[in-house]
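Q: 3D, please:
(chains A, B, C and D)
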2 protein chains.
Amino acid sequence: MLSRQKVLKFQKAETDQKDESELGPLARTIGVFLDLTEEEISALDALNRQKIHLAAQQDLYLEGDAIDRTYVLLHGWMCRHRTLEDGRRQIMSFVLPGDLLNHFGAYQPTTIHTVTALTDAVLASFSCHDIVSLSRAYPRLGAAFAWLGARKYSLLEEHVVRIGRRNAYERIAHMLLELLHCLNVVDDSCEDGYELPVTQEILGDALGLSLVHVNRTLRRLRKEGLIQMDSNRRIVILDMDALTEIAEFSPDYLQHRSIPILTEENLQKVG
Amino acid sequence: MLSRQKVLKFQKAETDQKDESELGPLARTIGVFLDLTEEEISALDALNRQKIHLAAQQDLYLEGDAIDRTYVLLHGWMCRHRTLEDGRRQIMSFVLPGDLLNHFGAYQPTTIHTVTALTDAVLASFSCHDIVSLSRAYPRLGAAFAWLGARKYSLLEEHVVRIGRRNAYERIAHMLLELLHCLNVVDDSCEDGYELPVTQEILGDALGLSLVHVNRTLRRLRKEGLIQMDSNRRIVILDMDALTEIAEFSPDYLQHRSIPILTEENLQKVG
DNA sequence: CGTAGAGTTGAGTGTATTCAACTCGGGTGG
DNA sequence: CCACCCGAGTTGAATACACTCAACTCTACG
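A: Okay, here's the model as predicted:
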């Protein structure tokens, strides 16, 4: 569903400052996996939006804030996380270009986590209520938003398994593969490397590990010829098959392949 | 929002075999937190449904099944879980009466986890597509389903923090409190005990711990006078304040208090 | 009375943590 | 220009939390 070409188009658009004839942020995010009609594109692009620039380390919003906006990350990396009183921190997920933030905002009185930029970042923001209205007016778009929510849930469940039942070696392998698949959506010719703009401490906070243990485990993965870490934090997967085996990674949960409700047959069922 | 009285009403209805003038399963689940109109109740009750009885240990569906039904648990406990090849198992969540299962079914080609009955269980099942149709016809009901999804997401995020960054002692304390709050929805006169129909091994699988370590940690909680474990697996919280402090438990994430989109003001915003 | 499942406990092991020191490179200010 | 500092990465050593293996108890059940 997600074609390599479209993803590249998305990434190109991010870096351009002028959108010109390009699609708006939401149309691009949804358009990656769904062929939108002209009317749907117009409706998405007609929403009021604001552009936001954040420097690395800046917070977009804090745990407990009452936020009535939904965001689309256009450029850069962010993370969603929560910190305990004594400083222990858990990252729920990394946020990649195209991802939505505060997706469920209309349904939650306050946020329950903090969102922070890992690199300089650019976002577009929308009113949560506008998105709900739009979802009602355009059922296919509503289904697309719901699908994005279901997909996020699925990714979070996999994160639970990763943290709860895999050891450090498997956890890191699994995370690196997930990021690869999400960045370079799975097709047969996908690339095997990407920039991971994240310190080892942050990786540890995502995986429930200490910085030191992340360091040793990454070194082990390198020593065994499974990955390579260039300068500039570029990760290259050298032995995809072995890594997939170690991590017991099966990409089904990423749901990059199909959106059941958007088939002709199912759209008819729900009227 | 969730009144104690209504919860008790829900539990009463579960055990009755005949519904008589009682509400149907979905109307009861949603009615716990939203005052439904007659029309909405009729619409919910008009959906085709099937009743399902499962014995303890039986699976409702397996990871990878293509399921186009959404379920409401009426009676008993279940869990959603995934198992790695070597047998390590992670429970994503316990499922309590009133909870929905395969909530996102319309948006997912196959399930990514297995659902198993922990006790004898009774469920009602509905067509996923019927629920999507209904959500379109009745926006407040659509919002209610979306809210339930957002709430599940919130609970899962807390589970990530619990597993990723709390130690065994804090993890168990936190889980016991979450279950208490979910069962006995928070009000000032809530009870302090409940039946936990779960072996220590299952608790370990939920918390990413070994059976032996769960055992020792529970014993420590007992020895310190924080909890009591009667026969019949009844848990009594003896020192709620201390336990809340240890677990750093703050019930906001449970979202038992408010449904933003369902206020008058917000319903107007979305038309 | 024997068995099976759950709980309990001890002992030894191991994975991951903490504390600490050191390297390296980039940036800043004297 | 160089000294200094800081953040990130690396490594060693000691510790601790949690796991595995194993044995034993207790209760329910047939």
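
Q: Low-confidence regions, the stretch 51-200 of chain A specifically.
A: Counting by pLDDT under 70, the stretch 51-200 of chain A contains low-confidence ranges at A:185-190.

Q: Can you get me a residue count around the residue of it found nearest DNA strand C?
A: Per C-beta to the nearest atom of the strand, residue A:167 is where the stretch 51-200 of chain A lies closest to DNA strand C, at 3.3 Å. Just so you know, the C-beta spots here come from the backbone N, C-alpha and C atoms, and that holds for glycine as well. Neighbour count of residue A:167, defined by other C-beta atoms under 10 Å in any protein chain shown: 10.

Q: swap in residue A:46?
A: Residue A:46 has 11 nearby residues by other C-beta under 10 Å.

Q: what's it sitting at in phi/psi?
A: phi -80, psi -10 (degrees, to the nearest 10).

Q: Over to residue A:195?
A: With angles defined as degrees, to the nearest 10, residue A:195 sits at phi -90, psi 130.

Q: Residue A:119 and residue A:195 touch, don't they?
A: No: if you go by C-beta atoms under 8 Å, residue A:119 and residue A:195 don't touch, sitting 9.4 Å apart.

Q: Helices of the stretch 1-150 of chain A, start to end?
A: Counting by DSSP state H, counting those that start in this stretch, the stretch 1-150 of chain A has helices at residues A:4-15, A:25-31, A:38-45, A:128-137, A:139-165.

Q: So what pairs up with residue A:80 in the strands?
A: According to DSSP bridges, the partner residues bridging residue A:80 are residue A:93, residue A:115.

Q: Tell me who's in contact with residue A:220.
A: With contact set as C-beta atoms under 8 Å, 6 or more residues apart in numbering or on different chains, residue A:220 has these partners: residue A:169.

Q: distance of it from residue A:227?
A: Counting by C-beta to C-beta, to the nearest Å, the gap from residue A:220 to residue A:227 is 10 Å.

Q: Then residue A:152?
A: 26 Å.

Q: what's around the spatially closest residue to residue A:198 that is not a sequence neighbour, how many residues?
A: Distance criterion C-beta to C-beta, 6 or more residues apart in numbering or on different chains; nearest residue to residue A:198, sequence neighbours excluded, is residue A:118 at 6.0 Å. Residue A:118: 19 surrounding residues under other C-beta under 10 Å.

Q: Residue A:118 contacts residue A:81, correct?
A: No: Residue A:118 lies out of contact with residue A:81 (C-beta under 8 Å); the separation is 10.4 Å.

Q: close enough to count as contact, residue A:90 and residue A:79?
A: No: assessed by C-beta under 8 Å, residue A:90 is found out of contact with residue A:79, at 10.3 Å.

Q: Comparing the two, which shows the higher neighbour count?
A: Neighbour count, other C-beta under 10 Å: between residue A:90 and residue A:79, residue A:90 has more, with 25 against 20.

Q: any idea where the strands of chain A begin and end?
A: With strands called from DSSP state E, chain A shows them at A:50-54, A:59-61, A:69-75, A:78-83, A:89-95, A:100-101, A:114-117, A:121-127, A:193-195, A:227-229, A:234-237.

Q: Residue B:159: which of those strands is closest?
A: strand A:89-95 (10.3 Å; C-beta to C-beta).

Q: List the beta-bridge partners for residue A:53.
A: In this entry, residue A:53 is beta-bridged to residue A:122, by DSSP bridges.

Q: mind listing what it touches?
A: Counted by C-beta under 8 Å, 6+ apart, residue A:53 has contacts A:120-122.

Q: Look up how far residue A:120 lies from it.
A: For residue A:53 relative to residue A:120 (C-beta to C-beta), the value is 7 Å.

Q: how many neighbours does the closest residue to residue A:142 other than its chain neighbours have?
A: Nearest residue to residue A:142 in three dimensions, chain neighbours excluded: residue A:135, at 3.3 Å (C-beta to C-beta, 6+ apart). Residue A:135 has 23 neighbours, counted by other C-beta under 10 Å.
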